[in-house]
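Asker: Below is the sequence, then the predicted model.
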Amino acid sequence: MISLTSEQTRVVNLPLCRAFIEGPAGSGKTTAAIERLNALLQSGVPGHTIMIMVPQRTLGIPYYRALHQFQGNGSEVTVSTFSGLAQRMVGLFWPLIARDAGFAHPEQSPTFLTLENAQYFMASLVRPLLDQGFFQTVKVERARLYSQILDNLNKAALAGFPHTEIAERLKSSWSGAPEQLHVYDDVQVCVNQFREYCLQHNLLDFSLQIEVFSRYLWKTLLCREYLLASYRHWIVDNVEEDIPLAHDFLLEVLPQADSALVIMDTDAGFRIFLGADPESAARLASVCDTDVRFEQYSAAPQVMRDLAIHMRDSVERKESRHPVVRASFSNFREVVEPPEKSLRFFPQMLDWTVEKVVTLVNQGVPPGEIAILAPILSDALRFSLADRLERHQIPYRTHRPSRALNDEPAAQCLLTLARLAHPHWEMLPEKQDLQKALLLAIEDLDWARAHLLIEVCYRRQNGIMTLQPFGEKIQMDMRERITHRIAERYQILFEWLQAYAEHPVNELDFFFSRLFDEVLSRPGFGFHTRLDAAQVTANLIESVQKFRRAVQHRLGDMPLGKEYLLLVQEGVISALYLMNWQPSEQNAVFIAPAHTFLMNNYIVDYQFWLDIGAKTWYERIFQPLTHPIVLSRRWEPARKWTAEEEIKLNRNSLYRISLGLLRRCRKKVFIAYSDLNEAGFEQRGLLLKALFRVLINGGRRD
Amino acid sequence: MLNQPVKRLADQQSFVFSQHSLQDYADCPRRFWLRYLEQLAWPAPPVEPLEEYERHRLLGEQFHRLAQQALVGLDLALLEKVAGSDPLLYTWWNNFVQLYPSLNVGQVKKVEFALSLPIRQYRLFARFDFIQMKTDPLRWIIWDWKTGEKVPKVIHLSQRWQTRVYRYVLVEAGKNIFGTESPRPQDVEMIYWFAGAPEKSVHLPYSQEQFEKDRQDILQLIDWIEQDDVFPPTTEEKRCRFCVYRSLCDRGLAGNFLDWEEDEEESQTLSFDFDQVAEIHF
């Protein structure tokens, strides 16, 4: 039994009412909400009448765990995001609104598009326009171009304005060179074409799911009554990270509910680039009849909270005018530790970081109480840290939302074999690619033998590379070097591919599934004991399957499997979310981008902030086709976005992120930096400057 | 790892049992271990030909969705147009429409409804296609829509863990949900309704005696699973034809779709509707 503060106890024991809970991160609000959930269930409230709404799936994890441990009988509590609820309702009530929403085939089922599949359709529509001269002045990769056009649609939907206004809004706020205005016009043409195509073919991308729910479905009596009757009790957590449309929906739902807890973190809103709107969230207080402010408890010590206040003023460069500090004599150096000496190179910074982690663990600190945070976590950085930690046998876990398909050796192996099995696609693999594939596919095959095998069995025949049987023509010494066992396994694979070639299938996922079952996962083959390869295969098959089902009404007549492979090559299908969400090993060092850490809502004893000289801690990524703030509900149309606005946004982002991190740290922050960054450039960003200003001027013990 | 089980049930603090997991253990302890304790993805075809299997499975899902839509109040005429997209689906739908008037009555109607209860330190979970409570006489009916090609024998269905778990969970967990009118075993009946052959539907009434036996047997099975540190593969190798792990155990090739008995995909268990919409990444 955990002991609760008086604020938490008050929340747990509230009568059935609508309560607005506000307080800083780490003050125990979610703990109180979980106890309230238990109290509701124990008092006999049926689980199926309770809805827990969170802005992002990871924020539902504490509730999920609590529900697993609940000791009563009951029906199912729903934990959902607003968009998840919208998709579920659109699926259920589709025949009711499909015609009114403008879909051309309301009698047919809808197809919900993944981000990758939406990008595929966008790419199909935009490619011919690029040939006509669209986006000539824009210098970004094609995959990013497509995704930014889609972002515009998403932003319009999340803010609740018509997609037809996107260009006008972007143009009216633009204060730079006039050539950019044509780019926004191009964006509008693409957006309109995409939306029209979706309506013609019953395709629902993320934006259309949200719009159909908000504009059409939520207005129907049947859906409204269904939702209001189904969910009588609402717990809405981290409401400041949710979107204005979700708040609009809750403003209508909550007054009709039997009870509600609306929980808001102060000074948060980390997902502002994703449409989060803390000011909009604050409106929900108006439909609540009780306010509870959490002020008594904080997971972070006073000195850490003082540091946060200093950081705010330092970021805003107010330190000389507003000496803030209640605990101005506390020594911030007790809770902030920089390297003892200047580090020149990035790898040295990583070495220093891991040395400090090792010291902490040797002192008895559980690895789970340590987080290594970077503004952006590249694969190279993740690998470098993981490798160093492994050398010291320190458990770690990473939580990047996605991995690129091409990074997975098992996926590369399968895609290479697919190219080999479909010569009519005219995408036969290079020798070195096939060599890598065979290395993984055939157990006990090493580089040298794989090389020999390719030399004798993958040869040009009638002008095209052809896989050959391991036959009698191969000289004895070569046969001995390759070994009989390897040759036998190769021959099984060869014969399987030959048999397949006689009856190829259109479904690439079926090809993968059969190849896996009948060859690769059998004894003697590489996937039989490599369980990670099986997982990647499963994810690849799922990706292909979703693609196949989504693109029944695609443009062109290229074989579907070939088209999928080309999309992978082009990077359109680049991030396939191969890493599923799983509650993983908890007592392990957590390596993550800072934003991911914040949105997981963990609190740890020790944090490492990597590369604090980097501007990526606060600057938004380059997006020439869209704008997260201008396309938000809060931005007045026609107001100009200026350099001053950009600086203000950067400072605000930095303040929020540093405050959020410090409130989630109990003991110490290690700040890691090197003179040269990962790419070899010097960086002296705002975070570095602000922190040192605080350490030098603000926190010294007198 | 594959030859020596490392994860045991006792290590899984929040394990959720379902009809699927209990049936898997009963059929093949090794499959239970791989699927639920190791959570090992093994993307082999469940049956062949995959094309037939996929078509049938998608139609089955569409039928379940149509039934749900009808039972939450969507206009049947509107749904008929959706059902008309495929002749087989349309046949199933027409059969359902004949049944519909008898479904659309009663004091309790719960569609796609999930119940769970604590059992030992774990939970036992069931998701029902449709639960209906009628008075005069009082009946609690568990409806389960079946769209498979094969109609199993009554004796076989009555012994399936699905039947035993569903009826037991409705009685046990229903106490908290349905208040004073909560279901007693003698008022409960499970109906397997075959969309392609409704005349062959199977009615399985319940009793206090069977309820007690189910409780004992479920606890007994959980005890066995807890004590198991080998999880041997089944000795009935014909079962392996319809098991995706067959290549891991090196046991033959996929069985034929026509010999396969429908087994719905395991739904998300217990309380967490993790949305399928990915977060948008900017």
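Answerer: It's in.
Asker: so how far is the first residue of stretch A:133-145 from its last?
Answerer: Terminal residues of stretch A:133-145 lie 14 Å apart, using C-alpha to C-alpha, to the nearest Å.
Asker: chain center to it, what's the gap?
Answerer: How far stretch A:133-145 lies from its chain's middle: 24 Å, per C-alpha atoms, centre = their mean, to the nearest Å.
Asker: and that stretch, average pLDDT?
Answerer: Stretch A:133-145 shows a mean pLDDT of 89.
Asker: which residues touch stretch A:458-473?
Answerer: Applying C-beta atoms under 8 Å, 6 or more residues apart in numbering or on different chains, the contact partners of stretch A:458-473 are A:420, A:423, A:428-429, A:431, A:434, A:453, A:456-457, A:479, A:482, A:487, A:490-491, A:494-495, A:497. Backbone N, C-alpha and C define where each C-beta goes, glycine included.
Asker: Which ones among those residues lie within helices?
Answerer: A:420, A:431, A:434, A:453, A:456-457, A:479, A:482, A:487, A:490-491, A:494-495, A:497 (DSSP state H).
Asker: Quickly find the element holding the residue of the stretch 101-250 of chain B at minimum distance from chain A.
Answerer: Residue nearest to chain A within the stretch 101-250 of chain B (C-beta to the nearest C-beta): B:Ala114, separated by 3.8 Å. Under the criterion of DSSP states H and E, B:Ala114 resides in strand B:108-119.
Asker: now for the helix or strand just after that strand, which elements pack on it?
Answerer: Downstream of strand B:108-119, the first helix or strand assigned by DSSP H and E is strand B:122-134. Under the contact criterion of 3 or more C-beta pairs under 8 Å, 6 or more residues apart in numbering or on different chains; DSSP states H and E, strand B:122-134 touches strand B:16-18, helix B:50-71, strand B:108-119, strand B:139-146, helix B:161-178.
Asker: change it to 6 Å
Answerer: Counting contacts by 3 or more C-beta pairs under 6 Å, 6 or more residues apart in numbering or on different chains; DSSP states H and E, strand B:122-134 packs against strand B:16-18, strand B:108-119, strand B:139-146, helix B:161-178.
Asker: possible to save the ones you listed as TSV with mean pLDDT and mean neighbour count?
Answerer: As requested, these are arranged in TSV below (pLDDT from 0 to 100; neighbours: other C-beta atoms under 10 Å in any protein chain shown):
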stretch	mean pLDDT	mean neighbour count
strand B:16-18	94	22
strand B:108-119	93	20
strand B:139-146	96	21
helix B:161-178	92	23
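Asker: Can you tell me which residues in the stretch 151-300 of chain A are near chain B?
Answerer: A:Asp151, A:Asn154, A:Leu222, A:Phe273 (C-beta under 6 Å from any C-beta of the partner chain).
Asker: Apart from its chain neighbours, what residue comes closest to the first one?
Answerer: Distances taken as C-beta to C-beta, 6 or more residues apart in numbering or on different chains place A:Thr626 nearest to A:Asp151, at 4.8 Å, with adjacent residues excluded.
Asker: Ramachandran angles for that neighbour?
Answerer: When read as degrees, to the nearest 10, the backbone of A:Thr626 gives phi -150, psi 180.
Asker: just to revisit the earlier point, for the buried ones among the contacts of stretch A:458-473, write the corresponding PyMOL selection.
Answerer: To isolate the buried ones among those in PyMOL, judged by 16 or more other C-beta atoms under 10 Å in any protein chain shown, type:
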select buried, chain A and resi 420+428+429+434+453+456+457+479+482+487+490+494
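Asker: Quick check: closest non-adjacent residue to the residue in the stretch 601-702 of chain A positioned nearest to chain B.
Answerer: Chain B sits closest to A:Pro628 of the stretch 601-702 of chain A, with a gap of 6.8 Å, by C-beta to the nearest C-beta. In space, and not counting its chain neighbours, A:Pro628 is closest to A:Phe273: 4.5 Å by C-beta to C-beta, 6+ apart.
Asker: What ranges in the stretch 101-250 of chain A fall below the confidence cut-off?
Answerer: Regions of the stretch 101-250 of chain A meeting the criterion pLDDT under 70 are absent.
Asker: Can you tell me the SS state at the residue in it positioned nearest to chain B?
Answerer: Relative to chain B, the nearest point of the stretch 101-250 of chain A is A:Glu107 (3.9 Å; C-beta to the nearest C-beta). Under DSSP: H, G, I helix; E, B strand; the rest coil, the three-state class of A:Glu107 is coil.
Asker: Could I get the pLDDT score of the nearest residue to it once chain neighbours are set aside?
Answerer: The shortest distance from A:Glu107 to any residue other than its chain neighbours is 3.9 Å, reached at B:Lys81 (C-beta to C-beta, 6+ apart). Per-residue confidence (pLDDT) for B:Lys81: 94.
Asker: distance between the one helix or strand B:Lys81 maps to and the chain's centre?
Answerer: Per DSSP H and E, B:Lys81 falls inside helix B:76-83. On the basis of C-alpha atoms, centre = their mean, helix B:76-83 sits 26 Å off its chain's mean C-alpha point.
Asker: Could you count how many residues lie near A:Phe112?
Answerer: 21 (other C-beta atoms under 10 Å in any protein chain shown).
Asker: Please read the previous query as pertaining to A:Thr49.
Answerer: Neighbours of A:Thr49 using other C-beta under 10 Å come to 20.
Asker: now residue 66, nearest residue through space, not along the chain?
Answerer: As the question left the chain open, I've gone with chain A. Nearest to A:Ala66 is A:Ile34, by C-beta to C-beta, 6+ apart, at 4.6 Å.
Asker: please go with chain B instead
Answerer: Leaving aside its chain neighbours, B:Leu66 sits nearest to B:Leu79 (5.5 Å; criterion: C-beta to C-beta, 6+ apart).
Asker: Run through the residues that contact that neighbour.
Answerer: Residues in contact with B:Leu79 (C-beta atoms under 6 Å, 6 or more residues apart in numbering or on different chains) are B:Leu66, B:Gln69, B:Ala70.
Asker: Repeat that for B:Glu189.
Answerer: By C-beta under 6 Å, 6+ apart, the contact list for B:Glu189 reads B:Ile141, B:His203, B:Pro205.
Asker: just to revisit the earlier point, gap between the one helix or strand the residue nearest to A:Ala66 maps to and the chain center?
Answerer: In the assignment (DSSP H and E), A:Ile34 maps to helix A:29-42. Distance of helix A:29-42 from its chain centroid, counting by C-alpha atoms, centre = their mean, is 28 Å.
Asker: Name the residues that touch it?
Answerer: A:Gln8, A:Val11, A:Val12, A:Ile21, A:Gly23, A:Pro62, A:Ala66, A:Gly72, A:Ile235, A:Leu261, A:Ile263, A:Phe294.
Asker: Closest approach to chain B from chain A, which residue is it?
Answerer: A:Gly84 (2.4 Å).
Asker: Where does pLDDT dip in the chain?
Answerer: Answering for chain A, as no chain was given. For chain A, the ranges with pLDDT under 70 are A:1, A:317-330, A:399-405, A:553-556, A:573-586, A:698-702.
Asker: that's the wrong chain, I meant chain B
Answerer: Short version for chain B, where the test is pLDDT under 70: B:1-6, B:180, B:262-282.
Asker: what's the burial count for A:Asp186?
Answerer: Count around A:Asp186 with other C-beta under 10 Å applied: 23.
Asker: where does it land in three-state SS?
Answerer: Following three-state DSSP, A:Asp186 is assigned to helix.
Asker: got a list of what the residue of the stretch 101-250 of chain B closest to chain A touches?
Answerer: B:Ala114 neighbours (C-beta under 6 Å, 6+ apart): A:Glu76, B:Arg127.
Asker: B:Tyr245 too?
Answerer: By C-beta under 6 Å, 6+ apart, the contact set of B:Tyr245 is B:Arg31, B:Leu34, B:Trp42.
Asker: Kindly report the same for A:Gly72.
Answerer: With C-beta under 6 Å, 6+ apart, A:Gly72 has these contacts: A:Leu41.
Asker: Report how many residues lie close to the closest residue to A:Ala501 other than its chain neighbours.
Answerer: Spatial nearest neighbour of A:Ala501, chain neighbours left out: A:Ala421 (6.5 Å); criterion: C-beta to C-beta, 6+ apart. Number of residues near A:Ala421 (other C-beta under 10 Å) recorded here: 19.
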